[in-house]
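sequence and predicted model, in that order:
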Amino acid sequence: MSRVVYNVLGLVFFSLGAIGAFLPVLPTVPFLLLSSYFFSRGSKRFDAWFKSTKLYDTYLEGMMESHQMTLKRKLSILLPVSALLIFFFIILDHPVVRGIIVIAFVSKYLYFFFKIKTIK
């Protein structure tokens, strides 16, 4: 039963990511990463395939195993995403969207500074 729930959630987030390709307000990458997470939890074949990709080997494997990153890797992730969030915060004037952007901005920094340890 849990595999069905994970696959349904994967389809929902994949759909949101696909819609985000056409709507500039909706971010694509976080939804696609969430869909890959839920698909990997729902299917052993997808999990094995995803772990064999270059994306996983290069960027995610070390962090997923040890929850540690170098400061350079953290900044290479945080700075471009922060710039995009600030850009959309300035351009968009809807208060609900601005609130969501602020929540995403704060939660991103809280996650990277308190959940993922910095190694030298």
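Everything's here; your move. Numbering: from 1, shown residues only.

and the pLDDT for residue 61?
pLDDT, residue 61: 67.

let me redo that: residue 111
Residue 111 is assigned 81 on the pLDDT scale.

tell me the helices and strands packed up against the helix or strand hosting residue 84.
In the assignment (DSSP states H and E), residue 84 maps to helix 71-91. Judged by 3 or more CB pairs under 8 Å, 6 or more residues apart in numbering; DSSP states H and E, helix 71-91 is in contact with helix 95-110. For every residue, glycine as well, the C-beta is placed using N, CA and C.

chain center to the helix it packs on: distance?
In terms of CA atoms, centre = their mean, to the nearest Å, the centre of helix 95-110 is found 14 Å from the chain centre.

immediately after that helix, which helix or strand?
strand 117-119.

do you know how far the residue nearest in space to the middle of the chain is from residue 44?
Compute the mean C-alpha point of the chain, and by CA atoms, centre = their mean the closest residue is residue 30, 3.5 Å away. Going from residue 30 to residue 44 by CB to CB, to the nearest Å gives 24 Å.
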